[in-house]
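1. Give me a model of this one.
(one chain, ligands or ions: 1)
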Amino acid sequence: MADVLSPESGRFAALVARFAEHAHRAGYGLVITPVVEDYGLFTRVGESTDIVRKEMYDFETKGGDHVALRPEGTAPVMRAYLEHRPTTPWKAWYVAPNFRYEQPQAGRYRLHHQVGAEAIGSDDPDLDVEVIALIARFYEDVGLRTTRLRLNSLGDATCRPAYREQLIAFLRERSDQLCGEHKERFEDNPLRVLDCKKLPCIEATKEAPHQVDALCVPCTEHFARVKDGLDALGIAYTLQPRLVRGLDYYTRTTFEFESGALQESQAQVAIGGGGRYDGLAAALGGSPTPGIGFGAGVERILLACDAEGVLPAPEHHPQLDVFVIDTTGGDAARDTVDALRRAGIAADRSFDDRSFKAQMKQALRSGARYAVTIEEERTELRTLIEKGEPEVLDRDPSTLVEHVRKRLSE
Ligand code: HAM
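-> Numbering: from 1, shown residues only. Coordinates of the predicted model:
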């Protein structure tokens with residue numbers, strides 16, 4: 001789990017702000033859910049997944065409740081939907097910390113943050129297209145150019161059971177060829193074997209049947225409309241029949257975005273993923289309600305930005321307009337920064353009555369464009385970044401602020 005300090009946190013905040021802009025532009029409102037949920041919420045949606053079985057931070061509260069730190073954002077949002085019943089389609093976005101007790105490595109952390117969006121209450125395939133377009137346009141806008149979209153359909157309650165049986169039969173014949181973990185344990189979640197990164201499983205499942213070839217008619221039509229929509233919007237994708245995803249609730253459309261730039265540096269390449277979860281509401285005890293969404297890892301997107309040389313961290317954050325230097329005792333600095341800040345100008349100062357030289361050093365380090373220097377004999381405005389002669393300033397805060405404001409707008 002990492003701390004994020006300024007100026008890097010400035011980049012983090014900028015990325016989230018950019019995402020918020022895209023989400024708001026598409027009619028998604030911010031949802032904030034608690035970081036702690038009832039443990040059962042997650043076991044009900046992911047009993048056979050690593051995220052839930054092995055990676056949860058769960059504990060008992062003083063009152064005896066079994067709770068867990070959120071490992072992912074979709075189940076909490078669906079819980080909130082079922083509790084509050086907003087009108088549908090309910091379009092919500094979030095930025096939230098998630099906790100998974102994983103083996104940490106480049107791009108995989110025990111605490112990560114996701115920006116994400118969920119659209120609940122419609123099974124219209126055009127909503128799938130909207131959701132995928134939302135995240136794709138966001139990556140584009142951030143400047144990422146090597147992003148690849150992998151797309152699949154996992155079917156629904158009509159066609160999944162038959163496919164599942166077909167896959168189990170296929171795996172049973174080859175169970176001795178599977179990796180250690182899946183040899184014993186493939187019947188409760190056979191699809192997961194297709195997602196296994198170990199060589200024995202990859203080899204043994206080369207000829208495995210794919211869900212996408214065994215879809216029922218409504219799922220086939222749904223998927224066709226999604227693909228047509230993506231084509232119409234010029235959003236490129238590759239069909240990935242083995243794409244399973246790490247959570248149990250997915251139905252129909254599933255997708256993942258990978259960064260081509262990260263592959264080379266051996267980091268985790270998935271910078272976002274999601275899909276439909278038309279059975280999730282019912283699994284949580286609500287009335288059947290379809291939904292689709294995605295989550296995208298902020299830390300991984302920033303790694304991808306580093307790899308592609310886009311969205312660099314600012315040199316200074318927050319970016320100051322003015323640094324106030326006061327050698328007259330501090331009253332003037334106190335009043336001037338307040339006046340500047342009230343006028344919307346970013347201003348800082350030094351404390352502890354330091355020498356002019358020490359304060360100037362701090363001003364230069366701060367990245368501010370201007371210094372206001374207040375000395376017994378004169379008050380001046382000096383440029384810190386460009387070259388320029390000092391200008392004499394009126395010491396009266398409101399006149400001073402007007403003068404500074406004029407300079408800043410030039
Ligand atoms: P997920 O694929 O588990 O899906 O996570 C979404 C994204 O979060 C990943 O693509 C990755 O960018 C980032 N991520 C996941 N785990 C880590 C980690 N340990 N360290 C750093 N980044 C990580 C979900 O969580 C679903 N709730 C997404 C969703 C929303 N599906 C439907 N709606």
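
2. list the contacts for L247?
-> V45, G46, T49, I51, E72, T74 (CB atoms under 8 Å, 6 or more residues apart in numbering). Every C-beta, even on glycine, is put in place using the N, C-alpha and C of the backbone.

3. farthest pair in those?
-> Spanning the widest gap among the contacts of L247 are T49 and T74, at 12.5 Å by CB to CB.

4. Buried residues of the helix or strand where A117 lies, list them for me.
-> Using DSSP states H and E, A117 falls within strand 111-120. Residues of strand 111-120 classed as buried by neighbour count (16 or more other CB atoms under 10 Å): H112, H113, Q114, V115, G116, A117, E118, A119, I120.

5. Just confirm the first one contacts P104, I think it does.
-> It stands for H112. No - applying CB atoms under 8 Å, one finds H112 not in contact with P104, separated by 10.4 Å.

6. any low-confidence regions in the stretch 301-410 of the chain?
-> For the stretch 301-410 of the chain, no stretch has pLDDT under 70.

7. helix, strand or coil for A281?
-> With DSSP: H, G, I helix; E, B strand; the rest coil as the basis, the three-state label of A281 is helix.

8. Number of residues surrounding the closest residue to the ligand within the stretch 251-400 of the chain?
-> Using CB to the nearest ligand atom, G297 is the residue of the stretch 251-400 of the chain that sits closest to the ligand, at 2.7 Å. G297 is flanked by 23 other residues according to other CB atoms under 10 Å.

9. partner residues bridging it?
-> Residues in a beta bridge with G297, per DSSP bridges, are Q114.

10. if I look at it, how far off is R382?
-> Applying CB to CB, to the nearest Å, the value for G297 to R382 is 44 Å.

11. what about stretch 44-64, distance to the chain center?
-> Distance of stretch 44-64 from its chain centroid, counting by CA atoms, centre = their mean, to the nearest Å, is 22 Å.

12. just the residues of the stretch 1-150 of the chain that are near the ligand, which are they?
-> Proximity of the stretch 1-150 of the chain to the ligand is confined to E72, G73, T74, R100, E102, G107, R108, Y109, H112, Q114, G116, E118 under the rule CB under 6 Å from any ligand atom.

13. about what we covered before: neighbour count winner among T49 and T74?
-> A direct count of neighbours by other CB under 10 Å for T49 and T74 places T74 higher, at 26 against 20.

14. Hmm, L280 and the more buried one touching each other?
-> Yes - using CB under 8 Å, T74 is in contact with L280, at 7.2 Å.

15. Briefly note if the least confident helix or strand in the chain by mean pLDDT comes near the ligand.
-> Within the chain, no helix or strand scores below helix 260-264, which has a mean of 83 by mean pLDDT, DSSP states H and E. No - judged by CB under 6 Å from any ligand atom, helix 260-264 and the ligand are separated, with a smallest distance of 10.2 Å.

16. Provide the contact partners of that helix at residue level.
-> Residues outside helix 260-264 that contact it (CB under 8 Å, 6+ apart) are 107, 144, 146-148, 268-269, 271, 300, 303-304, 307-308.

17. Just the ones of those in helices?
-> Secondary structure assignment by DSSP state H places R300, L303, A304, A307, E308 of those in helices.

18. for R145, what are its contacts?
-> By CB under 8 Å, 6+ apart, the contact set of R145 is E308, V310.

19. Kindly provide the distance from it to Q362.
-> Note on R145: its distance to Q362, by CB to CB, is 39 Å.

20. got it, and D352?
-> Note on D352: its distance to Q362, by CB to CB, is 11 Å.

21. In terms of neighbours, single out the busier of these two.
-> The residue with more neighbours, out of D352 and Q362, is Q362; 18 against 7, by other CB under 10 Å.

22. ok, now which ones touch the closest residue to that one other than its chain neighbours?
-> The shortest distance from Q362 to any non-neighbouring residue, by CB to CB, 6 or more residues apart in numbering, is to S350 (4.9 Å). Counting by CB under 8 Å, 6+ apart, S350 touches F323, I325, A333, A358, Q359, Q362, A363.

23. of all those, which two lie farthest apart?
-> Farthest-apart pair in the contacts of S350 is A333 and A358; separation 13.6 Å (CB to CB).

24. Between those two, point out the one with more neighbours.
-> Neighbours of A333 and A358, each counted by other CB under 10 Å, are more numerous for A333; the result is 24 against 13.

25. which residues sit in contact with that one?
-> Counting by CB under 8 Å, 6+ apart, A333 makes contact with V324, I325, D326, R349, S350, I374.

26. The second one: what secondary structure?
-> The three-state label for I325, taken from three-state DSSP, comes out as strand.

27. does it really touch A371, like I thought?
-> Yes - proximity of I325 to A371 meets the contact threshold set by CB under 8 Å, at 5.6 Å.

28. so which of the ones in helices among the contacts of helix 260-264 are also by the ligand?
-> Counting by CB under 6 Å from any ligand atom, the members of these near the ligand are R300.

29. Most widely separated two among the ones in helices among the contacts of helix 260-264?
-> R300 and E308 (12.6 Å).

30. Looking at these two, which is more packed in?
-> Between R300 and E308, counted using other CB under 10 Å, the more crowded position is R300 (25 against 18).

31. residues in contact with that one?
-> With contact set as CB under 8 Å, 6+ apart, R300 has these partners: G107, H112, S259, L262, A267, Q268, A270, I271.

32. what's the burial count for T238?
-> Using other CB under 10 Å: T238 sits among 11 other residues.

33. Same question for A162.
-> Other residues near A162 come to 12 when the count uses other CB under 10 Å.

34. So which residues of the stretch 251-400 of the chain form strands?
-> With strands called from DSSP state E, counting those that start in this stretch, the stretch 251-400 of the chain shows them at 251-259, 270-276, 291-297, 322-326, 347-349, 370-374, 379-383, 391-392.

35. if I look at V4, how far off is F19?
-> 16 Å.

36. more crowded one of the two?
-> When V4 and F19 are compared for neighbours, F19 comes out ahead with 25 against 14, by other CB under 10 Å.

37. ok now do the residue nearest to E60 when sequence neighbours are not counted, which residues does it touch?
-> Counting by CB to CB, 6+ apart, the nearest residue to E60 once its immediate chain neighbours are dropped is H66, at 5.6 Å. Taking CB under 8 Å, 6+ apart, we find H66 in contact with D38, Y39, G40, D58, F59, E60.
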